[in-house]
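Colleague: Sequence first, predicted model second:
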Amino acid sequence: FALRQLSGELAGRPLALAGNGAITGDAVQLDRLILTSGDNRFSASGELGGQRLRMDWALLAPDPGLLLPGSAGSLEANGRVEGSPSNPRLQARLAGHELQYEDRHLHRLAASLQAGTGAEAPLQLAIELGPLRQAGQTLLDSARLTAAGTTADHQLELDLQAESRQLRGRLEGGLDVAQTSWRGEVVALGIEDPGFGSWELADAATLAVAPGRAELGDTCLQSGPGETSGKPSGEPAQICAGGEWRPEQGARAALSLQSFALARLLPGLTGELSGDLHGAMAAGGALTGRGRLGVSPGEMQVETGNGVQQLAHGGGQLEVTIGPGGLHSTLEFRPVQDGQIRAELAMSGLNRLPLADSQPLAGRVQAKLPDLSGLQGWVPDLEAVAGRLDADFELAGDLQQPQLRGELALTEGAAAVPLAGLQ
């Protein structure tokens, strides 16, 4: 066969196709196939027949905006597929320069892949990109993903960097092509953040992904060396997560937090966050769960008219349950030692997914804060806070139109918000 040229438009974009080759029995010999759209060009040649497969291809896209409005830059790719239809092997390379989509800009993209479907087929993957910016702001300095080994036994490594933040991880496992499933372990995971500090994986965690199942074993990150919870024992803070999903059974998840210093979130505050959350969604969408989050008593430093003062706070606890009757939560919080906030919230419609359009609310909020100066320890944007607050509200209505009924008394109240220029 010979196709000299077939041209036209697809979705308003110009297209032209040309090629020649031969078909003999169940074998196809493709001498040349060229697809163009403006200056963008895709070409392929090779053969497919019986147990033989060999196909070379190349892509040149100096004008991606013609194919995807709002995009710019240049893309180049080439590769080969060979082996047999039942056991193909792939080699490919990709390079992109000054890629842009609307207000997002990627300076460089480079990728290479060698893979096959056989269990012992070599697997080599390398993807590097960066910097990534949006509206002039850097979202990501660099990203690198690599894989090495074979289809059935390989190692994956990821490294993300953004300004002074870093995420790195390593997986070890294998792909079962027949079952289209991957199973292995998360063997390394680390996070560096100026505010939250250094975190490292405590122990390896199982990970499995398949069309009918996803599972993550208990995965715990603990604060790095030299970063403790503030306890005399030097116990590290720890964040854990795990869960499982199956179509016929639904999903379950568990989260926990231990000895997380408040100072990581609000400098100048002592005390710790600890809690756990267990939730499940049945195959039909029904939700169940329970959780608690506690703040231990501590102290705070606040600027007052009499200079810096050390004030105590009484901590607090939040408890949440979800079941057939919906969500019910209670809060008891002492932001300052001599004050208290109590709250209850019920949402009878929050018991399954997708959520009902109407979500009724019911609850009550009570507050008795004889000295508001301590609030600026919890809200750093506030300064020179003063006054007394007494409140008792009932909550009704729904999420779209909540209603508050009750009393609020603020005596000799004052505050400054320097960032907003308010006093």
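Modeller: On my side now, so go ahead.
Colleague: The most centrally placed residue in the chain pairs with what?
Modeller: The centroid of the chain falls nearest to residue 167 when counting by CA atoms, centre = their mean (12.0 Å). When assigned by DSSP bridges, residue 167 has beta-bridge partners residue 160, residue 191.
Colleague: Give me the distance between it and residue 188.
Modeller: With the distance defined as CB to CB, to the nearest Å, residue 167 ends up 11 Å from residue 188. From N, CA and C alone the C-beta is placed, and that goes for glycine too.
Colleague: residues in contact with the residue nearest to the centre of the chain?
Modeller: 158, 159, 160, 190, 191, 192 (CB atoms under 8 Å, 6 or more residues apart in numbering).
Colleague: hmm, try it at 10 Å
Modeller: Taking CB atoms under 10 Å, 6 or more residues apart in numbering, we find residue 167 in contact with 143, 158, 159, 160, 161, 189, 190, 191, 192, 193, 199.
Colleague: For it, give its distance to residue 160.
Modeller: In terms of CB to CB, residue 167 sits 4 Å off from residue 160.
Colleague: how close does the residue nearest to the centre of the chain get to residue 132?
Modeller: Distance of residue 167 to residue 132, computed by CB to CB: 14 Å.
Colleague: for stretch 261-273, how far is the first residue from the last?
Modeller: One end of stretch 261-273 sits 6 Å from the other (CA to CA, to the nearest Å).
Colleague: what ranges do the strands span in the stretch 251-400 of the chain?
Modeller: With DSSP state E, counting those that start in this stretch as the criterion, the stretch 251-400 of the chain has strands at 272-281, 287-295, 298-304, 307-313, 315-323, 326-334, 340-347, 362-369, 383-397.
Colleague: oh sorry, the question was meant for the stretch 1-150 of the chain
Modeller: Assigned by DSSP E, counting those that start in this stretch, the stretch 1-150 of the chain shows strands spanning 2-10, 13-24, 27-37, 40-49, 52-61, 71-84, 87-101, 104-116, 122-129, 132-134, 137-140, 142-150.
Colleague: Next, format these as JSON lines and append mean neighbour count and distance to residue 351.
Modeller: Listed next are those as JSON lines, based on neighbours: other CB atoms under 10 Å; distance: least, CB to CB, whole Å:
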{"stretch": "strand 2-10", "mean neighbour count": "10", "distance to residue 351": "47"}
{"stretch": "strand 13-24", "mean neighbour count": "14", "distance to residue 351": "48"}
{"stretch": "strand 27-37", "mean neighbour count": "16", "distance to residue 351": "51"}
{"stretch": "strand 40-49", "mean neighbour count": "17", "distance to residue 351": "51"}
{"stretch": "strand 52-61", "mean neighbour count": "16", "distance to residue 351": "50"}
{"stretch": "strand 71-84", "mean neighbour count": "16", "distance to residue 351": "44"}
{"stretch": "strand 87-101", "mean neighbour count": "16", "distance to residue 351": "40"}
{"stretch": "strand 104-116", "mean neighbour count": "17", "distance to residue 351": "39"}
{"stretch": "strand 122-129", "mean neighbour count": "16", "distance to residue 351": "42"}
{"stretch": "strand 132-134", "mean neighbour count": "16", "distance to residue 351": "38"}
{"stretch": "strand 137-140", "mean neighbour count": "13", "distance to residue 351": "37"}
{"stretch": "strand 142-150", "mean neighbour count": "16", "distance to residue 351": "40"}
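Colleague: Quick check: beta-bridge partners of the closest residue to residue 83 other than its chain neighbours?
Modeller: Closest residue to residue 83 apart from its sequence neighbours, by CB to CB, 6 or more residues apart in numbering: residue 89 at 4.4 Å. When bridges are called by DSSP bridges, residue 89 pairs up with residue 82, residue 116.
Colleague: Tell me both backbone torsions, phi and psi, for residue 102.
Modeller: phi 50, psi -120 (degrees, to the nearest 10).
Colleague: That one reaches residue 65, doesn't it?
Modeller: No: the criterion here is CB atoms under 10 Å, and residue 102 misses it with residue 65 at 11.0 Å.
Colleague: Which one of those two is surrounded by more residues?
Modeller: More crowded of residue 102 and residue 65, by other CB atoms under 10 Å: residue 65, with 15 against 11.
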